[in-house]
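Participant: Quick one, what's the 3D model for this:
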Amino acid sequence: MAGFGFAFMPPMAAAVLFPPVTPRRLVFPRDHGAHADFRSEWWYVTGWLDGPHWSRGFQLTFFRVRTGHGEDNPSRFSPRQLLIAHAAIADPALARLRHAQRSARADGLYAGFRELTTDVWIGEWFLRLAEGRYQLAAKAEDFALALELDAASAPLLHGATGFSQKAPDARHASFYYSRPQLALRGLLTLGRHREAASGVAWVDHEWSSELLPEEAQGWEWVGLNFDDGSALMAFRLRRANGEPLWAGASFRDGEGRMRLYGPSEICFVPLRIWRSPRTQIAWPVEWLVSIEGWELALMPLFDDQEFDARRSTGAIYWEGAVRVKRGARVLGRGYLELTGYGDKIRVGR
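Facilitator: Purely as a prediction, here's the structure:
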């Protein structure tokens, strides 16, 4: 999820050896596809949907987990690979998320993935990349998404070549890239009402074999599409006492020029707390993010964007549509993710 989806894992079989994450340059289109030997992987899509008189946020995420169980079982019912999917609509009319979650063994029929390009599915939920466009769909009891995203721009590689360090020890790392500034169009269904939508989306893809550091309590992550065509990904891992453990950021301007930032150049400062009436977790929903003196205020579309995923990943997290401001001026829109504000984020052992 949003930079650290590889942290959500069931218990692993101790004898299984997973490939290490070592620096290399990512190669496309192959690296758009699944990397089934690695411990975990995810594809994460967020964005803002705009209609004639409304704006809403959305997310669709697929997690793939190599469980370490049933490795020698040739049956398609073997639990070698597990798929989990989350979908949500940030609906200001309700002032809360509409959300749903699914999980299944990757049997190659009802649920599965492909390795040569992005193509992952559980039932009628799917995310696919073909001919320069992502297509996605998800249907729940009270909402449905059917969208197409223009993926003409080059991937934004984090850590310069796609090797993204997550702690002072470089062993804690992942392969990670983003696809920001994706123009989208499609249909949003709420209840019985279906309406055309357009907007801008963000796609993340990350895979790893490593666990989060033991001292990591949780993280903050943000992916922002600015109105001038630039894009920013920034994250911070923090300890239980709130002190930063590690941080990183990648910025690409509207002309395609890249800038990477290290831990000493990034600061996340909470500005306002909202307490969930369901879980009683205190979420910092407004932030000031400073990157080498560049101060950005993150303001939520609304406060209650809490996602209770204990039935699938075992976690509760805050995943929210935000506007980014400098002073009174709105510079762009994006998504903010917060974890570890209730229990410590669960990591497989």
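
Participant: Which SSE is immediately downstream of the helix or strand Trp246 falls within?
Facilitator: Take DSSP states H and E as the rule and Trp246 turns out to sit in strand 244-252. Per DSSP H and E, strand 244-252 leads on to strand 258-261 as the next helix or strand towards the C-terminus.

Participant: Pull the residues that contact that next one.
Facilitator: Strand 258-261 is contacted by residues 156, 159-160, 234, 248-253, 291-292 when judged by Cβ atoms under 8 Å, 6 or more residues apart in numbering. To be clear about C-beta, it is placed using only N, CA and C from the backbone, and glycine gets the same treatment.

Participant: Can you mark which positions in it are buried?
Facilitator: For strand 258-261, the neighbour count (16 or more other Cβ atoms under 10 Å) marks Tyr261 as buried.

Participant: same check, this time on stretch 32-50
Facilitator: 32-35, 38-49.

Participant: and which of these is nearest to Gly57?
Facilitator: Trp48 (5.7 Å; Cβ to Cβ).

Participant: isn't the closest one right up against Trp202?
Facilitator: No. Taking Cβ atoms under 8 Å as the definition, Trp48 is not a contact partner of Trp202, at 9.6 Å.

Participant: neighbours of the residue nearest to Gln305 when sequence neighbours are not counted, just the number please.
Facilitator: Closest residue to Gln305 apart from its sequence neighbours, by Cβ to Cβ, 6 or more residues apart in numbering: Gly320 at 3.5 Å. When neighbours are defined as other Cβ atoms under 10 Å, Gly320 has 28 of them.

Participant: Report the beta-bridge partners for Gly320.
Facilitator: Counting by DSSP bridges, Gly320 is bridged to Leu336.

Participant: Equivalent analysis for Ser178, please.
Facilitator: Leu156, Asp204.

Participant: Spell out which residues sit in contact with it, please.
Facilitator: 155-156, 158, 202-205, 223, 231, 233, 250 are the contacts of Ser178 under Cβ under 8 Å, 6+ apart.

Participant: roughly how far apart are it and Leu109?
Facilitator: 31 Å (Cβ to Cβ, to the nearest Å).

Participant: Could I get the buried residue list for the helix or strand of the chain with the lowest mean pLDDT?
Facilitator: The helix or strand of the chain with the poorest confidence is strand 306-309; it has a mean of 92 (mean pLDDT, DSSP states H and E). Going by neighbour count (16+ other Cβ under 10 Å), the buried part of strand 306-309 is 306-307, 309.

Participant: now swap in stretch 193-205 and tell me
Facilitator: Buried residues in stretch 193-205 (16+ other Cβ under 10 Å): 197, 199-205.

Participant: cool, stretch 306-326 as well?
Facilitator: 306-307, 309, 312-313, 315-324.

Participant: wait, which of those residues is closest to Leu184?
Facilitator: When those are compared against Leu184 (criterion: Cβ to Cβ), the nearest one is Ala321, at 13.9 Å.

Participant: Go ahead and confirm that closest one touches Leu298.
Facilitator: No. At 10.4 Å, Ala321 does not count as touching Leu298 under the criterion of Cβ under 8 Å.

Participant: quick check, distance from the strand or helix carrying Val322 to the centre of its chain.
Facilitator: Taking DSSP H and E as the definition, Val322 sits inside strand 315-326. Centroid displacement of strand 315-326 relative to its chain, using Cα atoms, centre = their mean, to the nearest Å, is 11 Å.
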